[in-house]
Structures are given as C-alpha cells and as structure tokens.
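**Student:** Quick one: sequence plus predicted model below, questions after.
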Amino acid sequence: MKVAILPVGQVEQNVLQYIQETIPKIFPRTESVILKDPLTLPSEAYNTRRRQYSSSFLATLVREYLKKTDADKILGITTADLYASRLNFVFGEAECPGKAAIISLHRLKPEFYGQSSNQSLFLERATKETVHEIGHTLGLTHCSNNSCVMFFSNSIIDTDRKQQFFCVKCFETVQNRLKKR
C-alpha cells in the first residue's frame with residue numbers, strides 16, 4: 001500500500017517527515033510519500049460562526065487530490081481546527097472504508113490546553129491520529145479496547161490513554177486487508 005501525505009495549508013516539514021517515517025513502521029508492506037504541492041485551505045470550508053473548518057469538506061478535496069497521484073490512500077494533514085456535523089471538533093475524519101482521510105494537528109499540541117510545548121507528546125498524538133484515520137480507510141471501525149489506537153477519542157485524554165498501535169484483533173484485520181492488496 002502506498003500512502004500519500006498531503007499538507008493542507010501550512011504544515012511544518014519536520015512533522016510531515018516524522019509521520020512519513022512512522023506509517024511504514026506500523027502498517028506492514030506500506031510506503032509513504034509527502035506530496036510536494038500543498039492544498040490551500042479553501043475559504044468555502046471555513047465556518048465563520050464556529051471559527052473552524054469543515055472536516056468533511058476538506059476530506060472531499062483531499063480525496064479528489066488522490067487522482068493526481070499514484071498512491072492507494074491519501075492523508076491530508078492540517079493545522080486548522082476541524083469540526084464535523086453534530087460534533088464540537090474532530091481530530092480527523094476518514095472514509096470507512098475508503099481512500100482518503102484528514103487529521104488536524106490543532107488540538108494535538110499541548111499548548112492548546114495551556115500546557116508547555118512538548119514536541120515528543122505532540123508527535124505521539126499526531127501518530128495516533130494518523131494511524132487511527134488510516135485504519136478507518138482500511139475499514140476498521142472504532143474499537144472498544146481503550147488502549148487500541150482505533151478507540152474513539154472524545155477528548156485529548158482518550159488520545160493520550162490509547163497506544164499508537166492496534167490491539168491484536170484490529171491488527172489482524174489490518175494484516176488481512178493489506179494481504180489482499
């Protein structure tokens with residue numbers, strides 16, 4: 001499986017590189033590439049009342065961008081704050097199953113919660129959200145095991161509690177889905 005990483009707006013290169021290096025370590029027989037031309041954050045996706053961007057709108061644009069690549073899956077990464085209908089915010093959104101996902105780094109930074117900057121914690125959170133959303137593209141739904149990366153994160157506390165890896169059951173599903181490729 002080949003995963004294309006698409007910056008949506010301005011995203012730090014070191015974060016993109018970290019995620020690019022991490023994806024093949026977690027997903028067997030997978031490679032990842034960073035796309036050179038970022039997607040500009042469209043004003044149409046911005047909700048002025050909420051002061052957030054629609055994750056669904058951006059996920060659709062990310063999905064369309066996949067056609068310009070030779071990748072099997074595409075992961076959009078943005079620093080914009082995202083929301084989905086009926087939710088105050090989302091860390092990410094993905095087609096389940098499908099080919100496209102997007103994550104937001106905005107609420108993954110400790111500074112968002114009034115804490116000191118912690119790059120290690122931030123990158124760990126970004127990894128968890130990346131793995132979670134790519135897992136959805138492979139057809140995995142939310143897991144009831146609160147330490148599995150596929151557990152639903154209702155808050156940053158849930159994200160911090162879970163591991164960046166799949167539980168045995170979810171990993172078995174990942175392996176089976178990747179064997180079929």
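**Tutor:** Yep, that arrived.
**Student:** Would you mark the buried spots in the top helix by length along the chain?
**Tutor:** Assignment by DSSP state H gives helix 119-137 as the longest helix of the chain. Buried residues in helix 119-137, defined by neighbour count with 16 or more other Cβ atoms under 10 Å: 121-137. (Each C-beta comes from the backbone N, C-alpha and C, glycine too.)
**Student:** what does stretch 88-95 give?
**Tutor:** Buried-residue list, stretch 88-95, by 16+ other Cβ under 10 Å: V90, F91, G92, E93, A94, E95.
**Student:** Same check on stretch 141-156?
**Tutor:** C143, N145, C148, V149, M150, F151, S153, I156.
**Student:** Can you give me the separation between the fifth one and T173?
**Tutor:** When distances are taken as Cβ to Cβ, to the nearest Å, M150 and T173 turn out to be 9 Å apart.
**Student:** Distance from the chain centre to stretch 60-78, please.
**Tutor:** Taking the mean C-alpha point of stretch 60-78 and that of its whole chain, the gap between them comes to 12 Å (Cα atoms, centre = their mean, to the nearest Å).
**Student:** Now do the strands in this protein.
**Tutor:** 2-8, 31-34, 46-47, 52-54, 73-78, 82-83, 92-94, 100-104 (DSSP state E).
**Student:** Residues contacting the longest one, please?
**Tutor:** So that's strand 2-8. When contacts are defined by Cβ atoms under 8 Å, 6 or more residues apart in numbering, strand 2-8 is touched by residues 16, 19-20, 23, 27, 30-35, 38-39, 41, 58, 61-62, 65-66, 69-78, 80, 102, 134.
**Student:** Tell me where the model's unsure across the protein.
**Tutor:** For the chain, the stretches with pLDDT under 70 are 181.
**Student:** What separation is there between the residue lying farthest from the centre of it and A80?
**Tutor:** No residue in the chain has its C-alpha farther from the mean C-alpha position than R49, which lies at 24.7 Å (Cα atoms, centre = their mean). Going from R49 to A80 by Cβ to Cβ gives 16 Å.
**Student:** E31 too?
**Tutor:** Following Cβ to Cβ, the distance that separates E31 from A80 is 27 Å.
**Student:** okay, these two: which has more neighbours?
**Tutor:** For E31 and A80, the more surrounded residue by other Cβ atoms under 10 Å is A80, and the numbers stand at 20 against 14.
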